[in-house]
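Q: With the input below, show me the fold.
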Amino acid sequence: YNPGDEGFTTAMIGSGTEITGGSVEVTATDDVKLVSQNGDFITGDSTGSIGVGVTYLEMNRRVRAFIGDESGASTAATKIDLDDDAEVTVEAESEGFVVSFALAGSVRTDPPPAENEDGQVEAPEEAQEDNGNGANAGKSGWALAGDATVIDLVADQVLAFIDDSGTIAADTVTVTASNSNDYVNLAGAFSVVKEGDDSGSNTGLAGSFAGIELHRHDDGDRFYTSDTLAFIRRATLDVGAGGLHMTADRRGTYWVTAAGGSGVSQGEGVEVAGSAAWTDLDYATRAYLEQADVTLAGDSSITSRDRVAVVAFAGDGIYKGTLGFGTAWAWNQVDRRVQATVLDSDISLSAGTLSMDALLWDVEKDDGRTLLPSAYAVAATLGIGEQNETAVELTGTVAVNRFNTRTDDPAVEASILGSTISHPDAATDTTGVALSAVDNSNLLALAGAVDGDAKVTIGVAAAVNELNDQSTAWVEDSTLTVNQGDVSVESVINPEM
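A: Predicted structure coming up:
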């Protein structure tokens, strides 16, 4: 999927533009609904049967809405001078859903019985009396099924910004970057060897893999391919009572499921089933003000919020056979950053409160109090054997959540760095500044193995949660002056695992 020019959906007002009068709105939206599927189901009466399915979906999505210069280098100054009640709105939005699935099945059956010249069905060889040359040695067969499905997010970028050396005067200025997408990836494979007789040797093998990958790369335009950013840089703003509101919001679900099953209806044999579900995500959600000169006359906000849920489920089953092996792996590797920041800027706050909030996960259950998990890693295997002298079943599962283990950046940050927030001498209204960084990460890892009634059964399960989060709220090399109000700096980390 590659919309527009190299994946870009863009709305813009370039540097050097002059606008007067009513409200100004710049909006870019990418709304995708995409389903990709592939399947292969094979059934046959020969010695063996093979079914294979593969789906690969590459996504390149970049949504940008901005005023000014995309490169951040132009010196041409924009001038926007609007009416007293007018608004400036810059909004970039990516939304929708993507579903990809692959299914593979392989079933091996006995050939139909032969007929003689009179049209009568002949008895199968294995049912005839042994004549000493192995005519009744029993039938053997095998079935193989495998599939893989991958969603590769080459770019999943949403940018809303003002980057210009000019001036903007309006009652309200709103800059919003919203990334709200659901990605679902499903894979299933099964193999079955039917018929034969108890003296035959049968083999079934089924393997399934599902993955979603989102990597954070430099895109060559000073941004990263997986980031959601709302920012104002270099501009001079005169904002009225409506206030300045900057929001970077990322939400949605990344769901992968892989399932495999292998079985024989009768006879001896080896049954193997394996499945792996995997997510690998690396991204940032940021709202920031940089190198800006801003006058505010009302409540204002800089908000960054991450409400992404990650689900990996792997499961498989094995049925009968003299030797059965099943394994399932569910793995989530996620590195994310949520930041609300003021950098090297001067803010004159004559009324209201400037609120800066960085929030990681706030999705609650229906009771309004208990947080739902933000990450699920679930792996399960089921073995169904037979009570005989030679039946052996081995099952193993691993479920892992690893969060922020590849970066030293704080997971959640609210900060004012190298900046000045002042209160004009002539202003009498109460003013305040509030910084809040809250990390509510909630991880669930569950692994289970259930074996049947074979002679020998061994089941192993391991569940791991690894969280390397930091939550920081801080002010450094800055001067903050408020009138009668408060300056509050709060950092909270409240993980559950």
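
Q: Now do the strands in the stretch 101-250 of the chain.
A: For the stretch 101-250 of the chain, the strands defined by DSSP state E, counting those that start in this stretch occupy 141-163, 167-193, 201-214, 228-233, 236-264.

Q: Please convert those to TSV, extending it with distance to residue 30 and mean neighbour count.
A: (Each C-beta comes from the backbone N, C-alpha and C, glycine too.) Output for these, formatted as TSV (distance: least, CB to CB, whole Å; neighbours: other CB atoms under 10 Å):
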stretch	distance to residue 30	mean neighbour count
strand 141-163	8	25
strand 167-193	9	24
strand 201-214	16	25
strand 228-233	13	26
strand 236-264	13	23
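
Q: As a markdown table, the ones you listed with mean pLDDT and distance to residue 57 would be great.
A: Shown next, in a markdown table, are the strands of the stretch 101-250 of the chain (pLDDT from 0 to 100; distance: least, CB to CB, whole Å):
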| stretch | mean pLDDT | distance to residue 57 |
| --- | --- | --- |
| strand 141-163 | 90 | 5 |
| strand 167-193 | 93 | 8 |
| strand 201-214 | 86 | 10 |
| strand 228-233 | 98 | 21 |
| strand 236-264 | 92 | 13 |
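
Q: What sits closest to residue 50 if chain neighbours are left out?
A: Of all residues not flanking residue 50 in the chain, residue 144 sits nearest, at 4.7 Å (CB to CB, 6 or more residues apart in numbering).

Q: which residues does the one you found contact?
A: Counting by CB atoms under 8 Å, 6 or more residues apart in numbering, residue 144 touches 48-51, 106, 191, 204-206.

Q: picking up where we left off before, could you export the strands of the stretch 101-250 of the chain as TSV, including distance to residue 410?
A: Shown next, in TSV, are the strands of the stretch 101-250 of the chain (distance: least, CB to CB, whole Å):
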stretch	distance to residue 410
strand 141-163	21
strand 167-193	20
strand 201-214	20
strand 228-233	17
strand 236-264	16
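
Q: Show me the one of those that comes nearest residue 399.
A: strand 236-264 (12.6 Å; CB to CB).

Q: Check which helices and strands that closest one is in contact with.
A: For strand 236-264, the packing partners by 3 or more CB pairs under 8 Å, 6 or more residues apart in numbering; DSSP states H and E come out as strand 141-163, strand 167-193, strand 201-214, strand 228-233, strand 268-290, strand 293-296, strand 300-319, strand 323-343.

Q: Tell me the bridge partners for residue 446.
A: Beta-bridge pairing for residue 446 (DSSP bridges): residue 378.

Q: I meant to write residue 472 there.
A: Beta-bridge pairing of residue 472, defined through DSSP bridges, involves residue 413.

Q: so who does the residue sitting nearest the centre point of the chain touch?
A: The structure's the chain has its C-alpha centroid closest to residue 254; by CA atoms, centre = their mean the separation is 3.5 Å. Residues counted as contacts of residue 254 (CB under 8 Å, 6+ apart) are 183, 212, 214, 279, 281, 308-311.

Q: mind running it again at 10 Å?
A: Listed by CB atoms under 10 Å, 6 or more residues apart in numbering, the contact set of residue 254 reads 151, 153, 181-185, 212-214, 279-281, 308-312, 332, 334, 375.

Q: tell me which residues form a beta bridge with it?
A: residue 183, residue 310.

Q: From residue 156, how far out is it?
A: Using CB to CB, to the nearest Å, one gets 10 Å for the distance from residue 254 to residue 156.

Q: just residue 211 next, same as before
A: In terms of CB to CB, residue 211 sits 15 Å off from residue 156.

Q: Skip the chain neighbours and tell me the closest residue to residue 240.
A: Leaving aside its chain neighbours, residue 240 sits nearest to residue 171 (3.8 Å; criterion: CB to CB, 6+ apart).

Q: what residues do residue 254 and residue 156 have in common as contacts?
A: 181, 183, 214, 281.

Q: can you give me phi and psi for residue 42?
A: With angles defined as degrees, to the nearest 10, residue 42 sits at phi -120, psi 130.

Q: Look at it and report its pLDDT.
A: As predicted, residue 42 sits at a pLDDT of 73.

Q: swap in the one 3 residues further on?
A: The model reports residue 45 with a pLDDT of 63.

Q: Surely residue 36 forms part of a helix?
A: No. The assignment for residue 36, made by DSSP: H, G, I helix; E, B strand; the rest coil, is strand rather than a helix.

Q: picking that back up, the contacts of residue 144 into TSV, with extra columns for distance to residue 436?
A: Converted to TSV, the contacts of residue 144 look like this (distance: CB to CB, whole Å):
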residue	distance to residue 436
48	63
49	60
50	57
51	54
106	56
191	54
204	56
205	53
206	50
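
Q: Greatest separation within these: which pair is it?
A: 48 and 206 (13.9 Å).

Q: Find residues that contact each of those two.
A: With CB under 10 Å, 6+ apart, residue 48 and residue 206 have common neighbours 106, 143-144.

Q: will you turn the residues you listed into TSV that also has distance to residue 429?
A: Formatted as TSV, those follow (distance: CB to CB, whole Å):
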residue	distance to residue 429
106	74
143	77
144	75
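
Q: show me the contacts for residue 488.
A: Residues near residue 488 by CB under 10 Å, 6+ apart: 353, 355, 432-436, 473.

Q: Kindly recompute the last result at 6 Å.
A: Contacts for residue 488 (CB atoms under 6 Å, 6 or more residues apart in numbering) come out as residue 434.

Q: Kindly state the pLDDT recorded for it?
A: Confidence score, pLDDT, at residue 488: 97.

Q: Then residue 442?
A: Per-residue pLDDT puts residue 442 at 90.

Q: try the one 3 residues further on
A: We note a pLDDT of 94 for residue 445 in this prediction.

Q: Ok, the one 10 residues further on next?
A: According to the model's per-residue confidence, residue 455 sits at a pLDDT of 72.

Q: Could you check how far the closest residue in space to it that isn't next to it in sequence is from residue 323?
A: Leaving aside its sequence neighbours, residue 455 sits nearest to residue 391 (CB to CB, 6+ apart; 4.8 Å). Using CB to CB, we find residue 391 at a distance of 8 Å from residue 323.

Q: do the same with residue 420
A: Counting by CB to CB - residue 420 and residue 323 are separated by 73 Å.

Q: And for residue 352?
A: 72 Å.

Q: ditto for residue 444
A: Residue 444 sits 33 Å away from residue 323, going by CB to CB.

Q: Can you report phi and psi for residue 223?
A: Backbone dihedrals for residue 223, given as degrees, to the nearest 10, come out at phi -120, psi 170.

Q: Could you report the neighbour count for it?
A: When neighbours are counted by other CB atoms under 10 Å, residue 223 registers 18.

Q: Kindly report the same for residue 474.
A: By other CB under 10 Å, the residues close to residue 474 number 15.

Q: Same question for residue 283.
A: Residue 283 is flanked by 24 other residues according to other CB under 10 Å.

Q: which residues does it contact?
A: Counted by CB under 6 Å, 6+ apart, residue 283 has contacts 216, 226, 336.

Q: Out of those residues, which one has the lowest pLDDT?
A: pLDDT is lowest at residue 216 among the contacts of residue 283; the value there is 89.
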